[in-house]
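Novice: The sequence and its predicted three-dimensional model are supplied below.
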Amino acid sequence: MFARLAWLALGTFAIGTETWVIAALLPPIAADLSIQVATAGALVTVFALAYAFGSPVLAVVAGSVDRKWLLISCLGVFTLANIGAANAQGFKQLLIARVLMALVSGLYVPTASAVATVLVKPEQRGRAISVVIGGMAVAVALGAPIGALIGAMSNWRMTFALVAVLGAIAIVGLLIGLPRDLPRPVTTIGQRLAAARRPEILHGLSVTLLFATGVFTVFTYLALLLGQAAGLDPRGISATLFLFGVAAALGNALGGTSSDRFGPLRTARIGLSLLVAVFVVIALAANALPTPQAAPVIVASIGAWGLVAWCVYAAMMANLVRIAPELAMVTLSLNASTFYFGVALGSFVGSLVLRFGTGKLAWVAAALELAALTVLLFERRTERMPRVAREDAA
């Protein structure tokens, strides 16, 4: 059964590679299209907003569509959009291609996660989600660095061509590997909106927003932090990002397994507590230690950050499925939307904090993660459902 999940994960790997590699491609894109790098940065901003707004809306619109063909259609459009990006003759064409990628990515990822939960036993849902989202984590560790290297060795268009090939392979895998007539509970829009207003779901989304905002307050400017506070050169920064990606892949798997064994809320609480500590350590090293002593502390902490953060994200997704398994596609799309709002908000907060120095970024991130933990600690009612009552013993 988990072999089928691998094909779903290949789709998220392709999407994750394109999502994470774009930052490294902005300078060559700007040079090739004769625009400013700041203008090219709109490729990131518009993608995040299209993903955030499109994910929940499309999840409702496509709620009754056969899941297998919905996933295949999403990857089909994604693949064609990457081909379009590789052949874009102007910035507007490239921007339109990225909007299309964002819309179908925002539909594919939560749908694939929801499908994964019906392909396994209920007690394996956390691990199933972690396998699918693991494609994103592996993309951070391998896909994005390889894509950036290909772009550097040839040109940025070849990176989009590579992602198109990955998408095409995933389509073939889904055609062969996924069964037909996957369960697709049909509910009205009113019922879906009512579910989204449920207090326990809103609590979960609030945690996701605070969590993502805190993480991307630092991550958006991580290269700058590593260069200034740790004194790393571009190679050192790349190696550190690779470390972060490998740790993220491990953390994602750990989050799924831990959610199944100990419960998603307990896993998220422990993870957020550790994440607060990690950001505090980064802040102390960046502000109080000389660069030679700060470098190893910051690099090691970033590895721990990748491990813990992706563990938390996997647990929060498993928690939303636990709350309303019959509405998994909608709740996971809302979660993805909320996460991308957090990405945009974190980038904005980070830009404001930068005026006071890169060393202050981690302090703000720690405060935001502490706020997320506080919200989560007040969420008790959803734990007292029969299947997870054992979590109250924590």
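Specialist: Looks like it arrived, so ask away.
Novice: contacts, neighbours, all on C-alpha from now
Specialist: Noted.
Novice: all strands in the protein, in order from the N-terminus.
Specialist: Remark: no strands are assigned in the chain by DSSP state E.
Novice: Tell me which residue is most central in it.
Specialist: In the chain, the C-alpha nearest the mean C-alpha coordinate belongs to residue 136, at 6.7 Å (C-alpha atoms, centre = their mean).
Novice: quick one: that residue from residue 257, how far?
Specialist: Separation of residue 136 from residue 257 (C-alpha to C-alpha, to the nearest Å) stands at 17 Å.
Novice: if we can go back for a sec, give me the distance between the residue nearest to the centre of the chain and residue 148.
Specialist: 16 Å.
Novice: related to what we said a few turns ago, what does the pLDDT read for the residue nearest to the centre of the chain?
Specialist: The confidence metric pLDDT takes the value 83 at residue 136.
Novice: quick one: least confident helix or strand in this structure?
Specialist: The least trusted helix or strand in the chain, going by mean pLDDT, DSSP states H and E, turns out to be helix 189-196, with a mean of 64.
Novice: on that earlier part again, and the residue nearest to the centre of the chain, what does it touch?
Specialist: With contact set as C-alpha atoms under 8 Å, 6 or more residues apart in numbering, residue 136 has these partners: 9, 12, 13, 15, 16, 17.
Novice: so what's the fifth one up against?
Specialist: It stands for residue 16. Applying C-alpha under 8 Å, 6+ apart, the residues near residue 16 are 135, 136, 137, 139, 140, 143, 144.
Novice: Now, the residues you listed that are in helices?
Specialist: 135, 136, 137, 144 (DSSP state H).
Novice: Out of these, the closest to residue 281 would be?
Specialist: The closest of the ones in helices among the contacts of residue 16 to residue 281 turns out to be residue 137 (C-alpha to C-alpha; 23.6 Å).
Novice: so what's that closest one closest to, chain neighbours aside?
Specialist: Excluding the flanking residues, the one nearest residue 137 by C-alpha to C-alpha, 6 or more residues apart in numbering is residue 249, at 4.6 Å.
Novice: State the number of residues packed around that neighbour.
Specialist: 26 (other C-alpha atoms under 10 Å).
Novice: Check residue 358 too.
Specialist: By the criterion of other C-alpha under 10 Å, residue 358 has 24 neighbours.
Novice: In this model residue 227 seems to touch it, though I could be wrong.
Specialist: No. Contact between residue 358 and residue 227 fails when scored by C-alpha atoms under 8 Å: they sit 9.9 Å apart.
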